[in-house]
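Peer 1: how would this look folded up:
(3 chains)
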Amino acid sequence: MPEGHTIHQLARDHRKLLVGRRLAVSSPQGRSAAGAAALTGGRLDDVEAFGKHLFYDWAAGDVLHVHLGLFGRFLLHRGPPPPPVGAIRLRLSAGDDDHPPVTLDLRGPTDCSVGTPDDRDAIVDRLGPDPLRRDADPERFIAAAGRTSRAIGALLLDQSMIAGLGNVYRAEVLFVCGIDPRRAGRDLSEAERRCLWTTAASMLRKGVRERRIVTVDPSELDGPLPREAARGEATYAYHRATCLRCGSPIERFELGNRNCYACPVCQR
DNA sequence: ATACCATGAACAG
DNA sequence: TGTTCCTGGTATC
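Peer 2: This next block holds a predicted model:
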């Protein structure tokens, strides 16, 4: 279930577990991880998240790129590496030093490949600012969104406009800002575009802290809290039949090749 | 047993 | 715009 918050959380975890250690690298099912095994024995220098992309920097200069796509996930094994089961695209193991042994198995990624720092730069150059990064420039998104006739609901999924949002955050950010997803970017006021950025940033940060997508502020609701809302797992509009705030039927339509959800009352 | 759907994105034309 | 690749859970027969 990876949107940007998951990727940044993974980078943080993997940094803590693996950076500075010499790793064994293998790809039991070969395929996408061409050349990964050649990294074996190298030391990992850093793990970087940018939008939905992960970059593993090896001391020798190689950069391993991982994109989870819709289905990818990492599984962590503590202790000696278990025998690989099923389609494991990449296995990273550390166990040759004083630290406890750990193994990370990667399954189902859209991309897992070894490249150079230039390859990494080429990927990053195609991405818009990532609200979870300190070096993000919000003005790039705010300006670019104001220049296009494309629907704002499509722009928020376009990783070259703003990096890290997926379908859940798209629906919920637009809801909180009270904006209809079908409005053209250039028809939004600057204040509205700024609201989208700051809302996205705070939602993503909360997602990293809580290790899950949390978009609902329980104190703001009129009616009684649904059980999911009390646990912080509810959404206002995403994948709902009725609006969590006002109870109106949620509209569902295709936008940016994905199902988009919006409240016709709360989002003008 | 089979179909479909999902928090993603590249590619062809 | 349509097709294709990933995987796993749920719905449908």
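
Peer 1: Pull the residues that contact stretch A:209-216.
Peer 2: With CB atoms under 8 Å, 6 or more residues apart in numbering as the test, stretch A:209-216 has contacts from A:1, A:3, A:5, A:9, A:168-169, A:172-173, A:175-176, A:203, A:206-207, A:229, A:232-236, A:238, A:244. For glycine as for every other residue, the C-beta is placed from the backbone atoms N, C-alpha and C.

Peer 1: Go through it and flag the buried ones.
Peer 2: Judged by neighbour count (16 or more other CB atoms under 10 Å), stretch A:209-216 contains these buried residues: A:213-216.

Peer 1: just to revisit the earlier point, in helices, which of the contacts of stretch A:209-216 appear?
Peer 2: Per DSSP state H, helices hold the following members of these: A:5, A:9, A:168-169, A:172-173, A:175-176, A:203, A:206-207, A:229.

Peer 1: List the contacts of A:Glu190.
Peer 2: Contacts of A:Glu190 by CB under 8 Å, 6+ apart are A:142, A:146.

Peer 1: Do you know the pLDDT at it?
Peer 2: Per-residue confidence at A:Glu190 stands at 98 (pLDDT).

Peer 1: Quickly note the distance from it to A:Arg209.
Peer 2: From A:Glu190 across to A:Arg209, the span is 29 Å (CB to CB, to the nearest Å).

Peer 1: before we move on, the earlier item: between all of the ones in helices among the contacts of stretch A:209-216, which two are separated the most?
Peer 2: A:Gln9 and A:Phe175 (23.4 Å; CB to CB).

Peer 1: Settle it for me: which of the two has more neighbours?
Peer 2: Looking at A:Gln9 and A:Phe175 with other CB atoms under 10 Å, you find the greater number of neighbours at A:Phe175, namely 26 against 19.

Peer 1: Would you mind listing the buried residues in stretch A:256-265?
Peer 2: A:256, A:260-263.

Peer 1: avg pLDDT for that stretch?
Peer 2: Stretch A:256-265 comes out at a mean pLDDT of 96.

Peer 1: residues in contact with it?
Peer 2: Stretch A:256-265 has contacts (CB under 8 Å, 6+ apart) with A:151, A:153-154, A:157-158, A:167, A:170-171, A:174-175, A:180-181, A:236-240, A:243, A:245-246, A:248-254.

Peer 1: cutoff 7 Å now
Peer 2: Stretch A:256-265 is contacted from outside by A:153-154, A:157, A:167, A:171, A:174-175, A:180-181, A:237-240, A:243, A:246, A:248, A:250-254, using CB atoms under 7 Å, 6 or more residues apart in numbering.

Peer 1: Would you indicate which residues of the host helix or strand of A:Arg209 are buried?
Peer 2: For A:Arg209, the element it lies in under DSSP states H and E is helix A:190-210. Applying a neighbour-count criterion of 16+ other CB under 10 Å, one finds A:192-197, A:199-201, A:203-204, A:207-208 buried in helix A:190-210.

Peer 1: Can you name the residue of the stretch 101-250 of chain A nearest DNA strand C?
Peer 2: A:Gly108 (2.6 Å; CB to the nearest atom of the strand).

Peer 1: how many neighbours does the residue nearest to that residue when sequence neighbours are not counted have?
Peer 2: The shortest distance from A:Gly108 to any non-neighbouring residue, by CB to CB, 6 or more residues apart in numbering, is to A:Phe71 (4.0 Å). Neighbourhood size, A:Phe71 [other CB under 10 Å]: 11.

Peer 1: cool, A:Gly41 as well?
Peer 2: 11.

Peer 1: who's in contact with it?
Peer 2: A:Arg22.

Peer 1: and what of the one 4 residues further on?
Peer 2: Under the criterion of CB under 7 Å, 6+ apart, the neighbours of A:Asp45 are A:19, A:57-59.

Peer 1: Secondary structure class of it, three-state.
Peer 2: The three-state assignment at A:Asp45 reads strand, by DSSP: H, G, I helix; E, B strand; the rest coil.

Peer 1: so how far is A:Ser149 from the closest residue to DNA strand B within chain A?
Peer 2: Closest to DNA strand B within chain A is A:Gly166: 2.1 Å, counting by CB to the nearest atom of the strand. A:Gly166 is 23 Å from A:Ser149, where distance means CB to CB.
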